[in-house]
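Novice: The following block contains a protein sequence and its predicted model.
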Amino acid sequence: MIDDIHNAGMDTLRIPVAWTNAMDIENGDYTIGEAYMARVKEIVDWALEDGMFVVLNDHWDGQWWGVFGEKDESRRKIGYDIFTSMWTQIADTFKDYDEHLILEGGNEELGDRFNDVGNPIVQNGNGLSKDECYETANKVNQLFVDTVRASGGKNAERFLLIPGYGTDITQTLDSRWKMPTDTAKEKLFLSVHYYTPWSYCGSSGSSTWGTKKNYEEMNTLMKNLSVYPEKGIPVIIGECGVLPTSNREMKPNWNLWYDNFFANCDLYGYVPLLWDTGNMLDRNTHKWIDDGVKDFLIQNSYEKQKSMSPEEIRAAAEKRMADGLSAAPETFDSSQKLAGDGTAIAWIMWDSMDWSIVYSVGDTYDPDSKTFGIKATDVEVTGEGTYTISLDFTGTDNKKSDGTAFSAIGIANGEELFPGYIINIKKVLINGKEYKLHGRNYTSSDDGLCTRSNLYNEWVPSVPEDARTMGGGTTGCSPTILEKECGAVETIEITFDYLPGEQGISTNDANSKN
């Protein structure tokens, strides 16, 4: 399989390892089993024999990282002990390997996942605030660098890959996140991941990609990330790609996503590492999911570009990006009205419980980000009044949505055009029958532009301070007024009043009057 990867033009292999599979961490034994270490070493050696670079990390690993977020601060030491022991052993095993081996301190865990509670060693987790998660990520990354450097051998100068905050671009750009210091000069890379939009790249929800909005979103995020190489910190996109469907088929317009993404990487000098767990390359048959995928990888390989100057590579990348954007349509559905400047559109954001059904999730209204077959009734909001919005899932392959993993009412440009207005839900119909809400809805905004009222959002632990309600106060308000398991939803229809702020008062005002 490694030979197949190398023959497709790829010169770097990232090996994700769950090291605690070979430890007895429940009983305080952090020794990595000899057979497990030998197996990892064997795979590393195979890649090195092909002349490839290798990135070796600790990957997810059963959510043991949640011990860093224990509410009992004394127990957090367990996390640091596991981490230090793990990397001391790994660094010692590979200390004589040359610069083709790159060590990476973690995966997506260095961030919000410090609050994971799924591992038996986590007794009372989820105890860190966002600020504390950032502080812990910085501390763990520094411990990684210090531990590897202290192990001797070629580790003193080895290239190290530092995971950004949750490997998320936007959160890694936050001023709270810091690169660690290093005794070696210019030997640290930054790692982030790119699966945007997830509804298209990572799940079967969104059926296609390629509108101007899609291109602009990718180009903006990738440009924002360029502040790191401008500061002398090279970037490796440790995971990226459009994951195949469950039927092992490439999604429509996959080639447009990859072409624009790789062009961005060429423009800014990022190194993209394709994520695959056996769907794109079948290791038993040695067949790629599509001949076009292998051809694309070969054409975008270093081997094909090494005769070009950096200036030629960047110029070609800019042309590809410009050509893609100019050819992109505003929308794939000409019947949908877009939320441009001066226009407010109300819609239902929706993710099914299994993430297979999606409609325009996120504060940016995008009616093209949807599962094929969904019929949406989105309406233009012109001011105070009563509005009805709906989703019909009967035209999808599933004919329904199984519950909801996330849902909300959104009003694009609502905060700008109607500041302080309140969404007051009057009625929710599921499959034509009135649904009894589990609490009161409230109105807020995450980005200061889109007005939102959560229907089911389990990631909001409490009602936010900027919540607006009818009559003031937040007693009985909830971000989960729908049940996650609300049944087989064929249709959902929501009628709400949209009212000026003077007809209600903010939470803070209400609290001051109580």
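Specialist: Everything's here; your move.
Novice: Now do the helices in the stretch 1-150 of the chain.
Specialist: 2-7, 34-49, 76-93, 130-149 (DSSP state H, counting those that start in this stretch).
Novice: wait, I meant the chain
Specialist: Using DSSP state H, the helices assigned to the chain run over residues 2-7, 34-49, 76-93, 130-149, 169-172, 198-201, 212-225, 227-230, 254-268, 291-299, 302-305, 310-327, 414-417, 507-513.
Novice: got the buried residues for the longest one?
Specialist: By 16 or more other C-beta atoms under 10 Å, the buried positions in helix 130-149 come out as 133-134, 136-138, 140-149. C-beta coordinates here come from the backbone N, C-alpha and C atoms, glycine included.
Novice: same question, the fifth one
Specialist: The neighbour-count criterion (16+ other C-beta under 10 Å) identifies 169, 171-172 as the buried residues of helix 169-172.
Novice: got it, and the third one?
Specialist: Taking 16+ other C-beta under 10 Å as the basis for neighbour counts, the residues of helix 76-93 that come out buried are 76, 78-79, 82-83, 85-87, 89-91, 93.
Novice: Alpha carbons only: can I get it in CSV?
Specialist: Only the C-alpha atoms of helix 76-93 are listed here, as CSV (Å, rounded to 0.1, in the frame of the first residue of the first chain):
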residue,chain,number,x,y,z
ARG,A,76,-4.6,16.8,35.5
LYS,A,77,-1.0,15.7,36.3
ILE,A,78,-2.0,12.3,35.0
GLY,A,79,-2.3,13.7,31.5
TYR,A,80,1.2,15.3,31.7
ASP,A,81,2.7,12.1,33.0
ILE,A,82,1.2,10.0,30.2
PHE,A,83,2.2,12.5,27.6
THR,A,84,5.8,12.9,28.8
SER,A,85,6.3,9.1,29.2
MET,A,86,4.8,8.4,25.8
TRP,A,87,7.0,10.9,23.9
THR,A,88,10.1,10.0,25.9
GLN,A,89,9.7,6.4,24.7
ILE,A,90,8.9,7.4,21.1
ALA,A,91,11.7,9.9,20.9
ASP,A,92,14.2,7.4,22.3
THR,A,93,13.1,4.7,19.8
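Novice: For the stretch 101-250 of the chain, which residues score under the pLDDT cut-off?
Specialist: Within the stretch 101-250 of the chain, the stretches with pLDDT under 70 are 204-206.
Novice: If we use 90, what do you get?
Specialist: By pLDDT under 90, the low-scoring segments of the stretch 101-250 of the chain are 198-200, 202-208, 245-249.
Novice: for the stretch 251-400 of the chain, same thing?
Specialist: Ranges of the stretch 251-400 of the chain meeting pLDDT under 90: 277-279, 283, 291, 330-342, 355-356, 364, 366, 368-369, 371-372, 397-398.
Novice: mind listing what's buried in stretch 232-245?
Specialist: The neighbour-count check on stretch 232-245 (16+ other C-beta under 10 Å) flags 235-244 as buried.
Novice: end-to-end on it?
Specialist: 38 Å (C-alpha to C-alpha, to the nearest Å).
Novice: circling back to that earlier point, among the buried residues of stretch 232-245, which lie within strands?
Specialist: Among the buried residues of stretch 232-245, the members falling in strands (DSSP state E) are 235-240.
Novice: now those in TSV, with distance to M10?
Specialist: Formatted as TSV, these follow (distance: C-beta to C-beta, whole Å):
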residue	distance to M10
V235	18
I236	13
I237	13
G238	14
E239	14
C240	13
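Novice: Now the two most distant members of those.
Specialist: The two members of these with the most space between them (C-beta to C-beta) are V235 and E239, at 12.8 Å.
Novice: give me the number of residues near the nearest residue to Y134 once chain neighbours are set aside?
Specialist: Closest residue to Y134 apart from its sequence neighbours, by C-beta to C-beta, 6 or more residues apart in numbering: R176 at 3.9 Å. When counting by other C-beta atoms under 10 Å, one arrives at 14 neighbours for R176.
Novice: now do G210
Specialist: Neighbour count for G210, taken as other C-beta under 10 Å: 21.
Novice: if I pick K71, what's in contact with it?
Specialist: K71 is in contact with 124-127, counting by C-beta atoms under 8 Å, 6 or more residues apart in numbering.
Novice: Of the residues you listed - the most surrounded one?
Specialist: Neighbour counts for these (other C-beta under 10 Å) peak at G125, which has 24 neighbours.
Novice: Now for that one: which residues touch it?
Specialist: Contact partners of G125, counting by C-beta under 8 Å, 6+ apart, are 66-67, 69-71, 115-117.
Novice: Now render the helices of the chain as CSV, adding distance to P180.
Specialist: Below are these laid out as CSV (distance: least, C-beta to C-beta, whole Å):
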stretch, distance to P180
helix 2-7, 30
helix 34-49, 24
helix 76-93, 13
helix 130-149, 4
helix 169-172, 13
helix 198-201, 28
helix 212-225, 18
helix 227-230, 14
helix 254-268, 22
helix 291-299, 32
helix 302-305, 28
helix 310-327, 28
helix 414-417, 38
helix 507-513, 39
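Novice: how close does the nearest residue to V235 once chain neighbours are set aside get to F261?
Specialist: What sits nearest to V235 in space, not counting adjacent residues and going by C-beta to C-beta, 6+ apart, is Y270, at 4.7 Å. Using C-beta to C-beta, to the nearest Å, Y270 is found at 9 Å from F261.
Novice: what do the two both touch?
Specialist: By C-beta under 8 Å, 6+ apart, Y270 and F261 have these common neighbours: M222.
Novice: sorry, back to before: what's around the residue nearest to V235, how many residues?
Specialist: 23.
Novice: Repeat that for the one 5 residues further on.
Specialist: Burial of W275 is recorded as 21 neighbouring residues (other C-beta under 10 Å).
Novice: For the nearest residue to it once chain neighbours are set aside, list the residues it contacts.
Specialist: Excluding the flanking residues, the one nearest W275 by C-beta to C-beta, 6+ apart is E239, at 4.2 Å. For E239, the contact set (C-beta under 8 Å, 6+ apart) comprises 14, 167, 193-195, 273, 275.
Novice: Filter those down to the buried ones, ChimeraX style.
Specialist: Buried subset of those, written as a ChimeraX selection, criterion 16+ other C-beta under 10 Å:
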select :14,167,193,194,195,273,275
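Novice: Need the max-distance pair from the contacts of E239.
Specialist: So, those by C-beta to C-beta: farthest apart are R14 and Y195, at 14.9 Å.
Novice: thought N253 was touching T208?
Specialist: Yes - the pair N253 / T208 is scored as a contact, 5.0 Å apart, by C-beta atoms under 8 Å.
Novice: quick one: pLDDT of P461?
Specialist: Note on P461: pLDDT of 82.
Novice: What is the burial count for it?
Specialist: By other C-beta under 10 Å, 9 other residues sit near P461.
Novice: Give me the phi and psi for it.
Specialist: Per-residue torsions, P461: phi -70, psi -20 (degrees, to the nearest 10).
Novice: Check the gap between it and C450 for me.
Specialist: Computed as C-beta to C-beta, the P461 to C450 distance reads 21 Å.
Novice: do the same with L13
Specialist: The gap separating L13 from C450 is 41 Å, by C-beta to C-beta.
Novice: what's the answer for S369, then?
Specialist: Shown here: S369 relative to C450, a distance of 14 Å by C-beta to C-beta.
Novice: now swap in D392 and tell me
Specialist: Distance of D392 to C450, given as C-beta to C-beta: 23 Å.
Novice: Can you name the residues that contact D3?
Specialist: For D3, the contact set (C-beta under 8 Å, 6+ apart) comprises D50.
Novice: any idea of the pLDDT on it?
Specialist: 96.
Novice: ditto for N514
Specialist: At N514, pLDDT is 25.
Novice: Now do the closest residue to N424 other than its chain neighbours against T443, distance only.
Specialist: Using C-beta to C-beta, 6+ apart and skipping residues adjacent in sequence, the residue nearest N424 is D497, 4.5 Å away. Distance of D497 to T443, given as C-beta to C-beta: 11 Å.
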